[in-house]
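Asks: sharing a model prediction with you, sequence too.
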Amino acid sequence: MKYAVWLVVALAQLAGLPMASAETARIRGTLIEFDVSKITVAKRDGGVEPIGIDSNTRYLSVTPVGIDAIKPGSYIGVAGLPQADGTIKALGVMVFPEQARGMNEGSFPWDLQPESTMTNATVAKVETAASGREVQVTYKGGSQTIEIVDAGAIASFAPASESALVEGAKVTVFVEQGAGLPTARSVLVGKDGFTPPN
């Protein structure tokens, strides 16, 4: 698969696009075992989940970036919690590469925490706030004010291979549900113990 096509597939899953062929889900946790046909994840919410991998599984290495990576014009994905005043408190921010601009643009329910949302949008303005940063984002049909308090939950990513899999790594696995084991379509692997923020 050519790099551009590979990246579109991985980014589509990362941005939360539904796959037409099967139900999709995300499994988050710690990688405890892997071989050529499956990985095993100790899930954040308890339990252990074996997940199949195959030649179509894509890998992304996720690394933290500084808060200055969020600037006007950036395209970002924000997992967050809506607040009573209409703003969103960021739980994690992914800074997307330029190839992902416009992908799954909008704000919609997410499964990181109860009542959480995902907002994929372009940064219009960044202001310093007492608690961190206040970021104005725009997307087709709307806009949001995002409060970023935890600068340690901001990341970017790069293509990787199965060699990124190491025991103890924090992962988010986008899976297809079907008969038997769920199958990994994209595996986000936090580098050096980092937890993917989505």
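Replies: Yep, that arrived.

Asks: do you know the pLDDT at Thr30?
Replies: Confidence at Thr30, expressed as pLDDT, is 98.

Asks: strands paired with the host helix or strand of Val171, and their directions?
Replies: Per DSSP states H and E: Val171 is located in strand 170-176. Applying DSSP bridges, strand 170-176 is found paired with strand 24-34 (antiparallel), strand 183-190 (antiparallel).

Asks: now do the buried residues in the longest one.
Replies: Taking 16 or more other C-beta atoms under 10 Å as the neighbour-count basis, strand 24-34 is seen to contain the buried residues Thr24, Arg26, Ile27, Arg28, Gly29, Thr30, Leu31, Phe34. From N, CA and C alone the C-beta is placed, and that goes for glycine too.

Asks: quick one: distance of it to the chain centre.
Replies: Counting by C-alpha atoms, centre = their mean, to the nearest Å, strand 24-34 is centred 13 Å from the centre of its parent chain.

Asks: again, but for the last one
Replies: Its chain's average C-alpha position is 10 Å from that of strand 183-190, according to C-alpha atoms, centre = their mean.

Asks: re the thing from before, now the strand holding Val171: mean pLDDT?
Replies: In this model, strand 170-176 has a mean pLDDT of 94.

Asks: gap between it and the chain center?
Replies: For strand 170-176, the distance to the chain centre is 9 Å (C-alpha atoms, centre = their mean).

Asks: buried stuff in that strand?
Replies: Lys170, Val171, Thr172, Val173, Phe174, Val175, Glu176.

Asks: is it true that the second one touches Leu31?
Replies: Yes: between Val171 and Leu31 there is a contact at 5.2 Å, judged by C-beta atoms under 8 Å.

Asks: and for these two, which residues touch both?
Replies: Ile39, Val41, Val189 (C-beta atoms under 8 Å, 6 or more residues apart in numbering).

Asks: ok, the residue of the chain most remote from its centre - contacts?
Replies: Most distant from the centre of the chain: Ala130, at 26.6 Å, with distances by C-alpha atoms, centre = their mean. Not one residue lies near Ala130 by C-beta under 8 Å, 6+ apart.
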